[in-house]
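**Student:** Predicted model and sequence follow; I will ask about them next.
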Amino acid sequence: MKAEPRQVEVYLNDGLEKKTDLFFGSALIKNLLPQNYNIEVKKEGYLSWKKNLEVKEKEVTEIKSVFLAPSQVRFNLLINNVQKAWFSPDGKKIAIKEASQGNGWSLKLYDLEKNLKSHLIKERDVSSKGAELLGIEWDNDSKKIYLNAGAKEQEKRFFLELEKPSPVLKETNLPRPLQGILAAESHDNNNYYLDNLGFVLRNGTSSEAKINKTPFPVRAETEYRLRTFDNFVFLQESGSLYLFNKENDSWEKFLEKTNDVKLSPDKKKLAIFSDSEIWIFFLKNTDEQPLKKSGEKTFLTRLSEKIGDVFWLNPDYLVFNSGDKIKIAEIDDRDKINVVDLVEYKNSLIFWRENANALAVLSEGNLYQSESFFK
């Protein structure tokens, strides 16, 4: 067994069996009779982990990743008066929309590492007659912001280069889709396209570049999105998610209503979620228990309240918000899956800062950040 934090207590059938060590957080329990055991991992100040597992004769039962969430997580208020926030891909900065007295909205940049807020632009910089901020996209390197704004019933696109001492708002053209292309995706130096005939093409437009021989039945005035991971190609049609089966050249519906797909830190798994369900899809074979095969999927949980967003806490745990509750769930589907309530925030937007091992929460105009989850 290996657990975080270290020196947790391991109970078998309600009896204290061992503590994990101080240096590696691991423990090995020997000479157990072949049978099922109720296992509980506990430590003062943390929520416990429970599971019933079978020990078989001459086999090792592995529990390689137990994470105990703190029973009380401290959150610090960073800033207030936030209307909306967009986190940079590197998790170090946030673009923040604030209300300006008598001057519409303003856009600020908050540096999470320096705890410093700086001004970027105000509404009048987009248009002297006012404009609506429709959305923001970060460049992959977190050095540039793209803004879509509506002014005079016309949508315009701008960008800001953040590394310059005084970022200047510059207008750019709205991206135009390639002729005959409904969706595009780049992955591992390959470009994938879905054309208007329903074929997925890789690095080209000829018949030799086709992934599928049988076309997907595309529909007019419908939004499509390609998601490619290793040898797996997903196609999202509005809310429905399809997975391409190469063996029989067909598209199989994976989930009726899909909000997003998140790649795990070890790039071996996907978290796929809708408003109410979370699934795990395995991109590679696992060499640790529970053993999974490439292409296998696991139903994780179903929630009664709408799921907001889902992030990988580490390769074996997820953090997500459902209704006003922020939860943590393991992906080990042996016996009952451990799902715990961490904290409650109303109407929350969450973001997991992997580089800081901390959770950022935007709730009712206030931006908070947790203490580090890993000591």
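**Tutor:** It's in. Numbering: from 1, shown residues only.
**Student:** could you say which helix or strand contains residue 125?
**Tutor:** helix 123-126 (DSSP states H and E).
**Student:** Name the residues that touch that helix?
**Tutor:** 100, 103-106, 130-131, 133, 147, 149, 151, 156, 158, 169 (CB atoms under 8 Å, 6 or more residues apart in numbering). Using the backbone N, CA and C atoms, a C-beta is placed for each residue, glycine as well.
**Student:** What's the ChimeraX line that selects buried ones from those residues?
**Tutor:** To isolate the buried ones among the contacts of helix 123-126 in ChimeraX, judged by 16 or more other CB atoms under 10 Å, type:
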select :104,105,106,131,133,147,149,156,158,169
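**Student:** tell me which of the contacts of helix 123-126 is nearest to residue 121?
**Tutor:** residue 169 (5.2 Å; CB to CB).
**Student:** Contact partners for that closest one?
**Tutor:** Shown in contact with residue 169 (CB under 8 Å, 6+ apart): 121, 125, 126, 147, 158, 159, 160.
**Student:** got the domain boundaries for this structure?
**Tutor:** Structural domains assigned to the chain are 3-67, 75-172, following automatic domain parsing.
**Student:** Would you mind saying which of those domains lies nearest residue 258?
**Tutor:** When these are compared by CB to CB, domain 75-172 sits nearest residue 258, at 20.1 Å.
**Student:** What's the end-to-end length of the closest one?
**Tutor:** End-to-end distance of domain 75-172 (CA to CA, to the nearest Å): 39 Å.
**Student:** in what helix or strand does residue 145 lie?
**Tutor:** Counting by DSSP H and E, the element that carries residue 145 is strand 144-151.
**Student:** Which SSE is immediately downstream of that strand?
**Tutor:** Counting by DSSP H and E, the next helix or strand C-terminal to strand 144-151 is strand 154-161.
**Student:** Okay, now the sheet partners of that following strand, with direction.
**Tutor:** strand 144-151 (antiparallel), strand 170-172 (antiparallel) (DSSP bridges).
**Student:** where's residue 272, which helix or strand?
**Tutor:** Using DSSP H and E, residue 272 maps to strand 269-273.
**Student:** Centroid-nearest residue for the chain?
**Tutor:** The centroid of the chain falls nearest to residue 311 when counting by CA atoms, centre = their mean (3.2 Å).
**Student:** So what pairs up with it in the strands?
**Tutor:** Counting by DSSP bridges, residue 311 is bridged to residue 319.
**Student:** That one touches residue 353, doesn't it?
**Tutor:** No. Counting by CB atoms under 8 Å, residue 311 stays clear of residue 353, with 9.4 Å between them.
**Student:** Low-confidence ranges, the protein, go.
**Tutor:** Low-confidence segments of the chain (pLDDT under 70): 174-177, 204-208.
**Student:** ok, back up a step: what's the following helix or strand after the helix holding residue 125?
**Tutor:** Downstream of helix 123-126, the first helix or strand assigned by DSSP H and E is strand 132-138.
**Student:** what inclination does that next one have with respect to strand 154-161?
**Tutor:** Computed with axes from the mean of the first three to the mean of the last three CA atoms, to 10 degrees, the direction of strand 132-138 lies at 40 degrees from that of strand 154-161.
**Student:** wait, doesn't residue 353 sit right on residue 91?
**Tutor:** Yes. Using CB under 8 Å, residue 353 makes contact with residue 91 at a distance of 4.1 Å.
**Student:** which residues do the two both contact?
**Tutor:** Joint contacts of residue 353 and residue 91 (CB under 8 Å, 6+ apart) are residue 112.
**Student:** would a markdown table of the strands paired with strand 154-161 with distance to residue 329 be doable?
**Tutor:** Shown next, in a markdown table, are the strands paired with strand 154-161 (distance: least, CB to CB, whole Å):
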| stretch | distance to residue 329 |
| --- | --- |
| strand 144-151 | 32 |
| strand 170-172 | 41 |
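**Student:** Tell me which of those strands sits nearest to residue 67.
**Tutor:** Comparing these by CB to CB, strand 144-151 comes nearest, at 33.7 Å.
**Student:** Now do that closest one: everything it contacts.
**Tutor:** Residues from elsewhere that reach strand 144-151 (CB under 8 Å, 6+ apart): 86, 95, 107, 120, 126-127, 129-139, 155-162, 169, 172, 174.
**Student:** Mind checking which of the residues you listed are buried?
**Tutor:** Taking 16+ other CB under 10 Å as the criterion, what is buried in the contacts of strand 144-151 is 86, 95, 107, 120, 126-127, 131, 133, 136, 138, 156-160, 162, 169.
**Student:** that older thread, could the contacts of residue 169 go into CSV alongside distance to residue 290?
**Tutor:** Conversion of these to CSV gives the following (distance: CB to CB, whole Å):
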residue, distance to residue 290
121, 50
125, 54
126, 52
147, 45
158, 49
159, 46
160, 46
